[in-house]
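**Student:** Provide a 3D model corresponding to the input given below.
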Amino acid sequence: MDMQDRPAIPTPHPRPLRLFFFWSGVIATICYRAIIFFSDANPALLKGSWYIGTVGFIIYFAHRFQIAQRRSMVLQKYNLAQKVPQLAELSAEERQAMTYVFQTLGSSREKWNYILIFVSSGVALLAGVYLDFLR
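**Tutor:** Numbers count the residues shown, from 1 in each chain. Predicted structure coming up:
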């Protein structure tokens, strides 16, 4: 594959957007953990915490999936794992470490975890909206 056939190398999202995704995940996690405290206290807080947490997980895990996809694409298109052993300026131990990182990034099942959490959160959100507001 020559350089013209390769897709553009992705660039990181702008810092404010990265912070948005980060805080979406943090807030979702806190909201889900808070559900136990609201279960006997206040039904409105319970529902609010659940909805915020679920929407936050949808946002966060959709983003994580996209990042994992982009990394995998770059590793595959540029054959980075196969090129590590050729890097003479690295020690043998450094080459071995980089090979491990690239090989595991390219073969990780994390994308499936992200898909499962994203889809199950979406289904739960739709069910929640139906049960709470539409029936």
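**Student:** quick one: contacts for Arg64?
**Tutor:** Going by Cβ atoms under 8 Å, 6 or more residues apart in numbering, Arg64 touches 110, 114. Where you see a C-beta, it was placed from the backbone N, CA and C, and this is true even at glycine.
**Student:** list the buried residues in the helix ranked longest in the chain.
**Tutor:** As assigned by DSSP state H, the longest helix anywhere in the chain is helix 43-77. The neighbour-count check on helix 43-77 (16 or more other Cβ atoms under 10 Å) flags 46, 49-65, 67-68, 71-72, 74-75 as buried.
**Student:** and the next element down the chain from that helix?
**Tutor:** Moving toward the C-terminus from helix 43-77, the next helix or strand (DSSP states H and E) is helix 80-83.
**Student:** can you give the contact residues for that next one?
**Tutor:** Here helix 80-83 has contacts from 74-75, 99, 102-103, 106, using Cβ under 8 Å, 6+ apart.
**Student:** and the longest helix of the chain, how far out from the chain middle?
**Tutor:** Mean-position distance between helix 43-77 and its chain equals 6 Å (Cα atoms, centre = their mean, to the nearest Å).
**Student:** state the mean pLDDT of that helix.
**Tutor:** The average pLDDT for helix 43-77 rounds to 95.
**Student:** most widely separated two among the contacts of helix 80-83?
**Tutor:** The largest distance within the contacts of helix 80-83, taken as Cβ to Cβ, falls between Val74 and Thr99 and amounts to 15.9 Å.
**Student:** and the helix or strand where Gly128 lies, what other elements does it pack with?
**Tutor:** Gly128 belongs to helix 110-129 when assigned by DSSP H and E. Secondary-structure packing of helix 110-129 (3 or more Cβ pairs under 8 Å, 6 or more residues apart in numbering; DSSP states H and E): helix 43-77.
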